[in-house]
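Novice: just a sequence and a predicted model for now, questions to come.
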Amino acid sequence: MHATLKTVTLGCKVNQYETEYVREGLIGIGYRDATQDETADLCIVNTCTVTNEGDSKSRQIIRRLSRDNPDARIVVMGCYATRAPDEVAALPGVAEVVTDKRELPDLLGRFGVVDIPTGISQFGNRHRAYVKVQDGCLLRCSYCIIPKVRPSLYSRPSEHILDEVKRLLDNGYRELVLTGVHLGHYGVDWSAGKPKSEWYRLADLARQIVQIDGDFRIRFSSIEATEVTRELVGVMAEYPDKVCPHLHICLQSGSDRILRRMKRRWGVKRFLDRCHLVKESLDKPALTTDVIVGFPGETEEDFEATCKTVRAAGFSKIHSFPFSPRRGTPAAEMEAIVPKRVKTERSQQLAAIEEELRDHYYQGLVGKRLRVLVEGRSDRGESWMTGTSCRYAPVEFQSQHANDGLLVEVYAAQVADKRIVGTTVDSSDNVVDHVSMNIG
């Protein structure tokens with residue numbers, strides 16, 4: 001009888017990757033995933049501390065696991081565990097607190113893993129796999145706690161990443177998302193003190209990955225505007241079938257005054273310049289972003305500047321968050337708090353702009369061929385499938401031949417229900433499946 005394991009992850013893509021790394025190591029020595037109704041011998045909880053709510057959810061999950069698995073050993077890791085280890089250790093059932101993600105190989109060793117893995121080879125039942133390439137952040141944005149819990153820059157050796165990519169491809173994954181705490185700083189820790197001709201950065205890593213044989217694509221996770229370099233965009237332009245024409249570039253505010261209060265590193269003009277570089281270099285690229293609404297001191301004029309900026313950038317998706325003070329950050333001590341009612345109204349206004357921009361962008365894709373990762377059946381009917389396009393647009397298409405997890409070419413016929421509707425295309429550019437245009 002193998003020991004049983006449960007894992008719970010809160011937070012970002014990096015956390016999800018790190019949980020899979022630990023899980024895979026434990027499965028390799030005989031642990032198995034507990035079924036839904038089965039108690040576990042070991043519980044791994046990967047926590048988040050980006051918001052106060054993240055801390056609260058982490059505590060709730062730990063208490064529930066302890067109650068439902070009374071004999072389990074609970075190991076807690078993640079950013080909340082790093083920020084408040086004593087607080088976490090005092091929770092019921094907690095046997096160990098991992099305060100530094102660099103200790104994960106040691107953690108596996110303590111459980112009896114002899115051959116410590118350098119990466120992963122699976123990513124659960126997901127259709128895409130995350131590949132962590134970097135850790136740590138040196139920025140000091142006034143609203144963010146992460147640099148305090150992940151302060152040390154660390155870039156994974158490229159050979160480990162390339163080997164991991166090959167394993168994931170061999171196991172059937174066709175989209176790989178390169179991720180990190182500060183993705184654009186990949187290689188910065190290696191480049192210090194070296195001439196620029198000897199730097200090895202994100203663009204260099206991406207170039208090596210896309211030269212691996214196989215039918216697959218990579219996508220970049222969140223990146224800062226200053227790291228959208230000509231070299232990175234050049235790789236995207238050179239390998240349009242291997243690198244998704246999509247960048248998630250963090251804005252946070254479209255007001256220069258608020259950006260200064262946030263301690264961001266650039267102004268609106270520089271941000272938009274990078275967006276325009278991407279649009280000039282690639283074929284109808286998708287740009288998505290994050291925006292904090294109601295940051296302390298945000299006036300109506302500041303918010304209008306944000307609305308103007310997101311329109312100028314032409315984002316196809318906006319992750320909008322009402323400001324929530326994070327204990328331990330400078331922003332939590334700032335005055336001129338924006339009332340909740342105002343934050344709600346501004347969030348609604350920004351959501352309406354997002355819908356307008358998204359529809360405009362999707363309409364601009366009609367008539368194009370899109371490379372789509374098949375993700376499952378649609379509820380439209382038996383022959384309908386769903387997936388995500390290279391340009392990060394949800395797609396529904398009618399096909400008798402597409403299988404989950406594969407990449408297919410889809411002709412974008414129209415926009416309906418906040419998504420693109422299309423039909424599959426073969427290698428000769430022929431439409432191979434009929435799609436009814438009478439979409440409700």
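Specialist: Arrived safely. Residues are numbered from 1 along each chain as shown.
Novice: CA atoms for contacts and neighbours, from now on please.
Specialist: Will do.
Novice: tell me where this protein has helices.
Specialist: For the chain, helices defined by DSSP state H occupy the ranges 13-27, 52-68, 79-83, 85-89, 104-110, 146-149, 158-170, 188-191, 202-210, 230-238, 256-261, 268-281, 300-313, 340-365.
Novice: average pLDDT for the fourth one, rounded please.
Specialist: When you say that, I think you mean helix 85-89. For helix 85-89, mean pLDDT rounds to 94.
Novice: related to what we said a few turns ago, among the helices of the chain, which comes closest to Glu38?
Specialist: Glu38 lies closest to helix 52-68 among the helices of the chain, at 9.3 Å (CA to CA).
Novice: can you name every helix or strand that the closest one contacts?
Specialist: strand 42-47 (3 or more CA pairs under 8 Å, 6 or more residues apart in numbering; DSSP states H and E).
Novice: ok, residues contacting the strand it packs on?
Specialist: 3-11, 15, 19, 54-55, 58, 62, 65, 72-81 (CA atoms under 8 Å, 6 or more residues apart in numbering).
Novice: count the residues that sit near the nearest residue to Gly112 once chain neighbours are set aside.
Specialist: In this structure, Gly112 finds its nearest non-sequential neighbour in Ile29, 7.4 Å apart by CA to CA, 6 or more residues apart in numbering. Residues lying near Ile29 (other CA atoms under 10 Å) number 16.
Novice: likewise for Glu355?
Specialist: Applying other CA under 10 Å, we find 16 residues neighbouring Glu355.
Novice: distance-wise, check it relative to Arg311.
Specialist: To Arg311, Glu355 is 11 Å away according to CA to CA, to the nearest Å.
Novice: where does pLDDT dip in the chain?
Specialist: Scanning the chain for pLDDT under 70 picks out the ranges 1, 426-440.
Novice: got the domain boundaries for it?
Specialist: 4-110, 129-365, 369-425 (automatic domain parsing).
Novice: could the ones you listed be laid out in a markdown table, adding distance to Gly119?
Specialist: Listed next are those as a markdown table, based on distance: least, CA to CA, whole Å:
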| stretch | distance to Gly119 |
| --- | --- |
| domain 4-110 | 6 |
| domain 129-365 | 6 |
| domain 369-425 | 21 |
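Novice: figure out which of these is closest to Thr118.
Specialist: Proximity of these to Thr118 was assessed by CA to CA; the nearest stretch is domain 129-365, lying at 6.3 Å.
Novice: that closest one: end-to-end distance?
Specialist: Its start and end residues considered, domain 129-365 measures 26 Å (CA to CA).
Novice: what's the answer for stretch 192-210, then?
Specialist: By CA to CA, the extent of stretch 192-210 from end to end equals 26 Å.
Novice: what's the local residue count around the residue nearest to Leu162 when sequence neighbours are not counted?
Specialist: Among residues not flanking Leu162 along the chain, Ile209 sits closest, at 6.4 Å (CA to CA, 6+ apart). Residues lying near Ile209 (other CA under 10 Å) number 20.
Novice: dump the residue contacts of Arg219.
Specialist: By CA under 8 Å, 6+ apart, the contact set of Arg219 is Glu175, Leu176, Val177, Leu178, Val243, Cys244, His246.
Novice: pretty sure the residue nearest to Gly112 contacts Arg110?
Specialist: No: using CA atoms under 8 Å, Ile29 is not in contact with Arg110; the gap is 12.0 Å.
Novice: and Lys317, how far is that from Val338?
Specialist: As judged by CA to CA, Lys317 and Val338 stand 24 Å apart.
Novice: can you pull the contacts of Phe220?
Specialist: Here Phe220 is in contact with Val177, Leu178, Thr179, Cys244, His246, Leu247, His248 (CA under 8 Å, 6+ apart).
Novice: if we can go back for a sec, which one's more surrounded, Lys317 and Val338?
Specialist: Taking other CA under 10 Å, Lys317 and Val338 do not tie; Lys317 has more neighbours (22 against 17).
Novice: just to revisit the earlier point, mind checking which of the contacts of Arg219 land in strands?
Specialist: Secondary structure defined by DSSP state E assigns Glu175, Leu176, Val177, Leu178, His246 of those to strands.
Novice: by neighbours, which of those residues wins?
Specialist: Neighbour max across the ones in strands among the contacts of Arg219 (other CA under 10 Å) = Glu175, 26 neighbours.
Novice: hmm, that residue is touching Arg126, no?
Specialist: No: in this structure, Glu175 is not within contact of Arg126 by CA under 8 Å, at 10.3 Å.
Novice: overlap in contacts of those two?
Specialist: Counting by CA under 8 Å, 6+ apart, Glu175 and Arg126 have no contacts in common.
Novice: pretty sure Val243 sits against Gln211.
Specialist: No: between Val243 and Gln211 there is no contact under CA under 8 Å: 11.0 Å.
Novice: between these two, who's got more neighbours?
Specialist: Looking at Val243 and Gln211 with other CA under 10 Å, you find the greater number of neighbours at Val243, namely 24 against 10.
Novice: find the nearest non-adjacent residue to the more buried one, please.
Specialist: Leaving out its chain neighbours, the residue that sits closest to Val243 by CA to CA, 6+ apart is Ile218, at 5.0 Å.
Novice: distance check, Leu176 against Ala206.
Specialist: Using CA to CA, Leu176 is found at 11 Å from Ala206.
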